[in-house]
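In: could you look at this predicted model? Sequence included:
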Amino acid sequence: MRKGEQLPWIVSDELWARIEPLLPVVPRRADHPGRKRLDDRKVLCGILFVLYTGIPWEFLPQELGFGSGMTAWRRLRDWHQAGVWQRLHENLLA
């Protein structure tokens, strides 16, 4: 990495503005809210970190603040099933 370059797994504000509207909104349950859902942008950075580095999901470093590898994997699965990646691909190509 050259000085001043952004890490490839960090999502810029410009890219996030294009991605965020494509993500499904998950309402918080009122009867059993449980732990608050981790921010989608942070999880996306974790997904990109794993894909960029090639490390196993379970080795995603907690110190990075991207959540656990299992959280990232589940969110990737959910977004894929919701068609987010296809819509993002079409959006970025347009």
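Out: Looks like it came in fine. The model shown is predicted, which means the values in this text are computed figures rather than measured ones.
In: in this structure, what residue sits furthest out from the centroid?
Out: Largest separation from the mean C-alpha position in the chain: residue 31, at 26.7 Å (CA atoms, centre = their mean).
In: and residue 66, how close does it get to residue 7?
Out: Going from residue 66 to residue 7 by CB to CB, to the nearest Å gives 12 Å. C-beta here means a position set from N, CA and C on the backbone, and glycine is covered the same way.
In: compare these two (neighbour count), which wins?
Out: Neighbour tally, residue 66 and residue 7, criterion other CB atoms under 10 Å: the higher count belongs to residue 66, 24 against 10.
In: pretty sure that one is touching residue 40, no?
Out: No - the criterion here is CB atoms under 8 Å, and residue 66 misses it with residue 40 at 11.2 Å.
In: dump the helix-or-strand element of the chain with minimal mean pLDDT to PDB, restricted to CA.
Out: Lowest by mean pLDDT, DSSP states H and E among the helices and strands of the chain is helix 84-93, with a mean of 88. What follows is helix 84-93, C-alpha atoms only, in PDB (Å, rounded to 0.1, in the frame of the first residue of the first chain):
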ATOM      1  CA  VAL A  84     -28.300  -7.400  -3.100                       C
ATOM      2  CA  TRP A  85     -25.200  -8.400  -4.900                       C
ATOM      3  CA  GLN A  86     -27.000  -8.700  -8.300                       C
ATOM      4  CA  ARG A  87     -28.600  -5.300  -7.900                       C
ATOM      5  CA  LEU A  88     -25.300  -3.800  -6.800                       C
ATOM      6  CA  HIS A  89     -23.500  -5.300  -9.800                       C
ATOM      7  CA  GLU A  90     -26.200  -3.900 -12.100                       C
ATOM      8  CA  ASN A  91     -26.100  -0.500 -10.300                       C
ATOM      9  CA  LEU A  92     -22.300  -0.200 -10.600                       C
ATOM     10  CA  LEU A  93     -22.300  -1.200 -14.300                       C
END
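In: quick check, pLDDT for the residue most central in space within the chain.
Out: Nearest to the mean C-alpha position of the chain, by CA atoms, centre = their mean, lies residue 44 at 1.3 Å. Residue 44 is assigned a predicted lDDT (pLDDT) of 96.
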